[in-house]
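Asks: Here's a sequence, model it:
(2 chains)
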Amino acid sequence: MTFKVRHSRLFALVLATIFALPFSLGWLTGLFIWTSPLVFLNSLSSQSLSWLSIIGAIILIFVTLRHRWYCRWLCPTGLLCDSVSKLSRLRVLKGMPPLGIFLAALVFGAAIFDVPALGLLDPIVAFHAFFSGFKVSLVPALLSMAGLIFIVGINFISRHVWCNKLCPLGGLQDGLTSLRKMMTKKDERATAFDVGRRAAIGALGGFGFAVLFKRSIATSASIIRPPAALPEGQFQSTCIRCGNCARACPTHIIQSSFDANDIAGLLTPKISFTHGYCLPACTACGTVCPSGAIKTFSKNDKKSLVLGIAHIDVENCLLSRHKECDRCQFYCDYDAVMIHPSDFELAAWPEINRQRCVGCGACAVVCPANAIRIEAAPQI
Amino acid sequence: MIKRRKFLVTLAATTGALVAGCQSNSTKRQQHAAGTRDERTILEPAREIPIIAEPDVLVVGGGPAGVAAAISAGRAGADVVLVERYNHLGGLWTGGLVLPLLSTHAVDKSGYHQQVIYGVGDEMARRLRTLDMAIHEVNPVIDPEAGKYVLDVMIKESNINMLYHCWASNVIVENGWIKAVLLESKSGRVAIAPKMVVDGTGDGDMLALAGEDFQNMKYHIGLVHRLGNVDRINKSAPGYKDVPVGNPTPIASVNWFNMHGENDQDGLDLHTLSELQQKYRIQIWENTQKIRATPGYEEVFLLDTASQLGVRMSRILDGQYRLTLKDSMTFKKFDDVIGISGAWCTMLYEGRRVPVNERPLWQIPYRSLLPKKTKNLIVSGRCFCFERELVEDTRIIGTCLVTGHAAGAAAAVAVQEGSTATNVNIKRVQNLLKSQNANLG
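Replies: Residues are numbered from 1 along each chain as shown, chains lettered A, B, ... in the order given. The predicted structure follows:
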């Protein structure tokens, strides 16, 4: 049994790592994140389920029936924690109450209040965030890697402390087991009461956090979010910062936000058009987002999803210097660029049709004179 | 008293005429575009046409591609006839006043300019430089009259039968072979019965007449003009301000003035071409008067408007191989490479920006010049088979010189071998091109 368990978790670790690597694997990108029942419940409480949530729902049934089933069979982070614990010579902290259920309740408490951002306490999310760090600039990278490093590192100080005492995913499973036993065996009620009390405190803490967090959100209109992202504010509170969207983005335009104006949105995805633009037929970020911060959308929906709006600095445009150029118009998939011939000075100049432009960035990226920039669309 | 029946007939006829009248007003342009189908037609009686020549190679169109093709085939020993509708060689390069020869050089990431256009095209550029009639080594801007002169001299030296002032209006195709090309001229309708035909019309007139499939790409059409006395602009005149007067040419007092023109214009429609021609010429005159009215610019004058309207794109052949942007991005190597051209335009590829220095040069395969059905037709110039994403690289003069050179060489080899354009020994074509200093990588 032990032998098989070890192998299963090793297999899970390899699988999770492959899915979490900072490359796009289509809808498989970051797939392992959907296995976490905590992520599932988190999405459930914030009403942002997607069809991939079925994976989490199925696993939730398993963990309810078998105590700590996820930890024993699937958890890649748990395997890492165990390995580190083996290296450590320090003792297990005694007398420390298990705080996992408290943390799990905290996550849901916040999620019910529409702030599922605490989902990042989930070890699977931390595991994914670690790998998404390879795709972003240094400081956000260090921040998104910090979670997993902390979770694994803390076991060196005190063996198995994460899995046994702190992990909200573990705590959730403990809670579910207590619940099941409470319903089946009467003598377990005392423990259940203990657990219930912690959960209640945790949930209240979660509400508190949610209220404070929502207050701290300053909607900064200058940030361009992925297509089908929830409105600013709601977006910052819903995103669990797993980095799946950045992984899946084929043109690498999704970056981690690290901006003094966007403290509440720290490490949330934002769009930067330095590397490329948003492909008109791509729906990747919406498909892989486990939190619902980016809604699932179809190729047809994509036509009307507005990221921002293009602004042309006509002074710098090659056409105003009578140079031959039509790149912005040629590459606009939305027919939003018109090149007007002008009687005056025989110059031509490009103009953006504000009704049609969705701010995909193709014109801004291709403009040889860098005369086009994309600005965030005004919030409706 | 009108009988009821007669009244009804009159009413129906009047209503019909009214409706037709309204339609003819609102859809005037559409009817034009649709051609003669909806209009009245007349049947032309069949007649005997004199065959005035039976050359090895007939090149239709004396633009950069056609001239390069004629020279290449002529130098390879073929008996060549070159047909041109205007009174000059060089097409849009000279007569269209599109004076910069793009893209002679490719720029790589280190900023190094590597020459890519060799062969006949390079020889033209060098001769113009010797005459001091080309400025810049890279992408030279030439003087149009010098260009016409140099091309006339080169055609004469290559012993090519030059026919100006005639328009190829039809082809006679039998079993996939073009038996004759009909020309309209001051001598009436005449026929030429060549062994091989090179389509150097730019608009792909030959390939269309031969029944090949094509796309019609609607694009910007402009009209270039030149301003004289630009060296006499008095910048110290009171009230002087900066006004655009175009770009320098090898003649110090003359500038060329590009026009982007209207987009989405059908370069194959008689009425569109006529309307734009008229409109642009009036615009240019009026703009020049505005320039002359500006303090300091009094002596600037309109030297000329281009004798050819600047149709940037029209037909694109549906040929045996469609050259793609991906081919140029991946530096795809072709066994049947017949030329290399340079990139001059920023592109988008797989969602990202590709500056010219990331894809400085790219190969052109012989198959992209070949139509699918006609056995003795080779296509050159801006109408060869490529995908639209590449258009800014494929429609430029440098690329036309390359495909023209190759088409001429292939036609000469096909005549020597007595083969079809498709079955020609590509190694022999490549060797001929190399011996004529072409660049095959």
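Asks: And stretch A:271-278, end to end?
Replies: 9 Å (Cα to Cα, to the nearest Å).
Asks: That stretch: how far from the chain's middle?
Replies: Here stretch A:271-278 is found 19 Å from its chain centre; the criterion is Cα atoms, centre = their mean, to the nearest Å.
Asks: Show the average pLDDT along that stretch.
Replies: Stretch A:271-278 carries an average pLDDT of 89.
Asks: Residues contacting it, please?
Replies: Here stretch A:271-278 makes contact (Cβ atoms under 8 Å, 6 or more residues apart in numbering or on different chains) with A:224-227, A:251-255, A:307-308, A:360-362, A:364-365, A:374, B:348, B:350-353. For every residue, glycine as well, the C-beta is placed using N, CA and C.
Asks: Check stretch A:203-215 too.
Replies: For stretch A:203-215, the surrounding residues in contact (Cβ under 8 Å, 6+ apart) are A:102, A:105-115, A:117-118, A:233, A:237, A:264.
Asks: Whichever of the contacts of stretch A:271-278 end up buried, select them in PyMOL.
Replies: Per 16 or more other Cβ atoms under 10 Å in any protein chain shown, the buried members of the contacts of stretch A:271-278 correspond to this PyMOL selection:
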select buried, (chain A and resi 224+225+226+227+251+252+253+254+255+307+308+360+361+362+364+365+374) or (chain B and resi 348+351+352+353)
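Asks: where's residue A:315 relative to residue B:220, distance?
Replies: Distance of residue A:315 to residue B:220, given as Cβ to Cβ, to the nearest Å: 21 Å.
Asks: ok, the two, which is more surrounded?
Replies: residue B:220 (22 against 9; other Cβ atoms under 10 Å in any protein chain shown).
Asks: re earlier: which members of the contacts of stretch A:271-278 occur in strands, if any?
Replies: Among the contacts of stretch A:271-278, the members falling in strands (DSSP state E) are A:254-255, A:308, A:374, B:348, B:352-353.
Asks: Quick check: the farthest pair among the residues you listed?
Replies: Across the ones in strands among the contacts of stretch A:271-278, the longest distance by Cβ to Cβ is 19.7 Å; it joins A:255 and B:348.
Asks: Got the domain ranges for chain A?
Replies: In terms of domains, chain A is parsed into A:3-216, A:232-303, A:307-376 (source: automatic domain parsing).
Asks: low-confidence ranges in the chain?
Replies: Went with chain A since none was named. For chain A, the stretches with pLDDT under 70 are A:1-6, A:90-95, A:114, A:116-119, A:185-196, A:214-221, A:260-263, A:343-344, A:379-380.
Asks: um, chain B though
Replies: B:1-38.
Asks: how about the residue of the stretch 151-300 of chain A found nearest chain B, what does it touch?
Replies: Per Cβ to the nearest Cβ, the residue of the stretch 151-300 of chain A with the smallest distance to chain B is residue A:251, at 3.4 Å. Listed by Cβ under 8 Å, 6+ apart, the contact set of residue A:251 reads A:275-279, A:282, B:350-352.
Asks: so where does the residue nearest to residue B:361 when sequence neighbours are not counted fall, helix or strand?
Replies: The spatial neighbour of residue B:361 that comes closest, neighbours along the chain excluded (Cβ to Cβ, 6 or more residues apart in numbering or on different chains), is residue B:106 at 4.2 Å. Assigned by DSSP states H and E, residue B:106 falls within strand B:105-107.
Asks: which residues sit in contact with residue A:44?
Replies: Under the criterion of Cβ under 8 Å, 6+ apart, the neighbours of residue A:44 are residue A:53.
Asks: now it: how far from chain B?
Replies: Here residue A:44 is placed at a distance of 34 Å from chain B (Cβ to the nearest Cβ, to the nearest Å).
Asks: Just the CA atoms of the helix or strand where that residue lies, as PDB, please.
Replies: Taking DSSP H and E as the criterion, residue A:44 maps to helix A:37-45. Taking Å, rounded to 0.1, in the frame of the first residue of the first chain, the C-alpha atoms of helix A:37-45 are listed here in PDB:
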ATOM      1  CA  PRO A  37     -11.500  20.300  -4.100                       C
ATOM      2  CA  LEU A  38     -10.700  23.500  -2.300                       C
ATOM      3  CA  VAL A  39     -10.500  25.300  -5.600                       C
ATOM      4  CA  PHE A  40     -13.800  23.700  -6.600                       C
ATOM      5  CA  LEU A  41     -15.600  24.800  -3.400                       C
ATOM      6  CA  ASN A  42     -14.000  28.200  -3.800                       C
ATOM      7  CA  SER A  43     -15.400  28.600  -7.300                       C
ATOM      8  CA  LEU A  44     -18.700  27.200  -6.000                       C
ATOM      9  CA  SER A  45     -19.000  29.800  -3.300                       C
END
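Asks: name the helices or strands packed onto the next helix or strand after that helix?
Replies: Once the chain leaves helix A:37-45, the next helix or strand it forms, by DSSP H and E, is helix A:53-65. Contacts defined by 3 or more Cβ pairs under 8 Å, 6 or more residues apart in numbering or on different chains; DSSP states H and E place helix A:53-65 against helix A:37-45, helix A:69-73, helix A:168-184.
Asks: Out of these, the one nearest residue B:69 is which?
Replies: Nearest to residue B:69, of all the helices and strands packed on helix A:53-65, is helix A:37-45, at 66.1 Å by Cβ to Cβ.
Asks: I'd like the distance from the closest one to the chain centre, please.
Replies: Here helix A:37-45 is found 13 Å from its chain centre; the criterion is Cα atoms, centre = their mean.
Asks: Buried residues of that helix, list them for me.
Replies: Applying 16+ other Cβ under 10 Å to helix A:37-45 flags A:37-45 as buried.
Asks: same thing with stretch B:358-378?
Replies: Going by neighbour count (16+ other Cβ under 10 Å), the buried part of stretch B:358-378 is B:358-371, B:374-378.
Asks: Determine how far the last residue of that stretch lies from the first.
Replies: 31 Å.
Asks: Same question for stretch B:331-345.
Replies: End-to-end for stretch B:331-345, by Cα to Cα: 16 Å.
Asks: what about it and chain A, any contact?
Replies: Yes: judged by Cβ under 8 Å from any Cβ of the partner chain, stretch B:331-345 and chain A are in contact via residue B:345.
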